[in-house]
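J.: 3D, please:
(3 chains)
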Amino acid sequence: MTGVTKNGQAIKIGIVTVSDRASAGIYTDLGGPAIIDALKEMLAVSWKACPKLIPDDAALIQKTLADLIDREHCCLVVTTGGTGPAPRDVTPEATEAVCHKMLPGFGELMRSISLKKVPTAILSRQTAGIRGTALIINLPGKPSAIRDCLMAVMPAVPYCIDLAGGPRLETDPAVIQAFRPASA
Amino acid sequence: MTGVTKNGQAIKIGIVTVSDRASAGIYTDLGGPAIIDALKEMLAVSWKACPKLIPDDAALIQKTLADLIDREHCCLVVTTGGTGPAPRDVTPEATEAVCHKMLPGFGELMRSISLKKVPTAILSRQTAGIRGTALIINLPGKPSAIRDCLMAVMPAVPYCIDLAGGPRLETDPAVIQAFRPASA
Amino acid sequence: MTGVTKNGQAIKIGIVTVSDRASAGIYTDLGGPAIIDALKEMLAVSWKACPKLIPDDAALIQKTLADLIDREHCCLVVTTGGTGPAPRDVTPEATEAVCHKMLPGFGELMRSISLKKVPTAILSRQTAGIRGTALIINLPGKPSAIRDCLMAVMPAVPYCIDLAGGPRLETDPAVIQAFRPASA
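T.: Model prediction:
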């Protein structure tokens, strides 16, 4: 089982819960742990979670995402929360502000998957993008929707990180049929 | 049957027909009345229509949308026309210019619904977004497509306006299965 | 069989292969010829291909697209390559930079079609837009995906170019069921 970057360091994944109320201790963060559980189930490499719990503040979300990639060298950062139409929902804008390249197909697929369960899926503004050699993906706030969305996009994640120049991720083929072209 | 805002005022919905020819009297506006008919069928609250008929002029569309929300206090503004690839089609750009937050899932769903009927659905650039506490939705120009698109997105509209901070809309459950989470 | 513009000139279509390696002669350009073959199969008007083979350089892509439309008077420009998440993939950004109007429905449909074959379809950032009276469409780099994507969007292309003010294209009805409303 692999699990190191090109520099021989452990693979790190940032898990960012964006929620005014969870970060203030008003309720327990369920989204972050749900992402960690889903990634444990899906990935077949050793990896280290870098969890963060922050309020819905655009500048702080941007700094957190940038630090996780630029300083902590995460190859993947997954967010939960802040993607809806409420005034405090600014996660997609903060994501776009720190990305060098946007990947609209992630949001399209995640909305179409969620739409099979609930018509309000169209209210989600979740997106994904590349910063440097890392991928950032916005997930919904709801734990059950987190797993559905990650299941939908994860088959494309390892090759995406390859192309961006990050470390080689492997998924458990019993859970996720990740795709790499024969040449990769 | 409810039908008042938090300030006790009647719920208002802006209906904006964007068309050089209809606004010049060259032909009759069919889009605006088609929206009013569809909303009458779908909504189970009392509401007042604020209809506007204007040419495909970006600055005028922006002013009309902003005034309907900021001065007339509409909680929902629905446009028809001006979403195609022709040089005078500027409704989506004008909408984006006055919105504080875009909701790409509305356009994606409406195009996918229209695509089942006509392959040129991909030419529509219709979108939706939030200005203040109100929702703006672009619909196609064609009356039959107006009803199809509104039927598709309306289940998410009441909860969207809740989240944006607007008044509580109710739909007729025999026509529209609007969704609100149990907590809302 | 028609095949002239309003000025009586031949219909021209730009075919732009964007690839560092193919343009350096490291491997043969397969994408450009695949586009030409697909268009020959689909179009029922006489037309002239304007093929270009260039590296993944944003400024050069922009200049090539703009020149094909503004100087060569192509009514349609189709690109292949440079739409992924790799650092050198900049074709969508270059396309957006020279377009006056974007058409998000093209990218949405092409990704959804490709997604039926390969989960990494969500990594494609391909889009389409209008410059002046011409349509620009980004296609994937892979020859088999090129034909699938063109088959999906081509039914909407002739009417799109009509609306943008370009010449009248006709497709072979045995291959492509192009749609124009009765009034067009």
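J.: tell me which helix or strand the residue nearest the centre of chain A sits in.
T.: When CA atoms, centre = their mean is applied to chain A, the residue found nearest the centroid is A:Val78 (2.0 Å). Element membership of A:Val78 [criterion: DSSP states H and E] is strand A:76-80.
J.: and that strand, which strands flank it?
T.: Within its sheet, strand A:76-80 is paired with strand A:11-18 (parallel), strand A:134-139 (parallel), according to DSSP bridges.
J.: using TSV, lay out these together with mean pLDDT.
T.: TSV is the format used below for the strands paired with strand A:76-80 (pLDDT from 0 to 100):
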stretch	mean pLDDT
strand A:11-18	98
strand A:134-139	98
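J.: ok so, going back, next structured bit after the strand holding A:Val78?
T.: Trace forward from strand A:76-80 with DSSP H and E and the next one is helix A:91-98.
J.: near chain C, which residues of chain A?
T.: In this structure, chain A approaches chain C at residues A:101-106, A:108-109, A:112, A:130, A:135, A:153, A:155-156, A:159-160, A:163-165, A:177-179, A:181, judged by CB under 8 Å from any CB of the partner chain. The way it works is simple: take the backbone N, C-alpha and C, and place the C-beta from them, glycine included.
J.: just the ones of those residues in strands?
T.: Counting by DSSP state E, the part of the residues of chain A next to chain C found in strands is A:Lys101, A:Met102, A:Ile130, A:Leu135.
J.: hmm, which two among these are most spread apart?
T.: A:Met102 and A:Leu135 (11.4 Å; CB to CB).
J.: compare those two (neighbour count), which wins?
T.: Set side by side, A:Met102 and A:Leu135 show more neighbours around A:Leu135, with 32 against 20, by other CB atoms under 10 Å in any protein chain shown.
J.: thought A:Pro92 was touching A:Thr83?
T.: Yes: using CB atoms under 8 Å, A:Pro92 is in contact with A:Thr83, at 5.8 Å.
J.: shared neighbours of the two, anything?
T.: In terms of CB atoms under 8 Å, 6 or more residues apart in numbering or on different chains, A:Pro92 and A:Thr83 are both contacted by the residues A:Arg125, A:Gln126, A:Asn138.
J.: for the first one, give me phi and psi.
T.: In other words, A:Arg125. phi -110, psi 20 (degrees, to the nearest 10).
J.: tell me the residues of chain A that contact chain B?
T.: Counting by CB under 8 Å from any CB, chain A sits next to chain B at A:84-87, A:89, A:93, A:104, A:107-108, A:111-112, A:115, A:118-125.
J.: in ChimeraX, select just the buried ones from those.
T.: The buried residues among these can be selected in ChimeraX (16 or more other CB atoms under 10 Å in any protein chain shown) with this line:
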select /A:84,85,86,89,93,104,107,108,111,112,115,118,119,120,121,122,123,124,125
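J.: pull stretch A:60-72 out as PDB, backbone CA atoms only.
T.: What follows is stretch A:60-72, C-alpha atoms only, in PDB (Å, rounded to 0.1, in the frame of the first residue of the first chain):
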ATOM      1  CA  LEU A  60     -10.900  32.800   6.600                       C
ATOM      2  CA  ILE A  61     -12.100  30.000   4.200                       C
ATOM      3  CA  GLN A  62      -9.700  31.300   1.600                       C
ATOM      4  CA  LYS A  63      -6.800  31.400   4.000                       C
ATOM      5  CA  THR A  64      -7.600  27.900   5.300                       C
ATOM      6  CA  LEU A  65      -7.800  26.400   1.900                       C
ATOM      7  CA  ALA A  66      -4.600  28.100   0.700                       C
ATOM      8  CA  ASP A  67      -2.700  27.100   3.900                       C
ATOM      9  CA  LEU A  68      -3.800  23.500   3.600                       C
ATOM     10  CA  ILE A  69      -2.300  23.300   0.100                       C
ATOM     11  CA  ASP A  70       0.600  25.700   0.200                       C
ATOM     12  CA  ARG A  71       1.900  25.100   3.700                       C
ATOM     13  CA  GLU A  72       0.600  21.600   4.700                       C
END
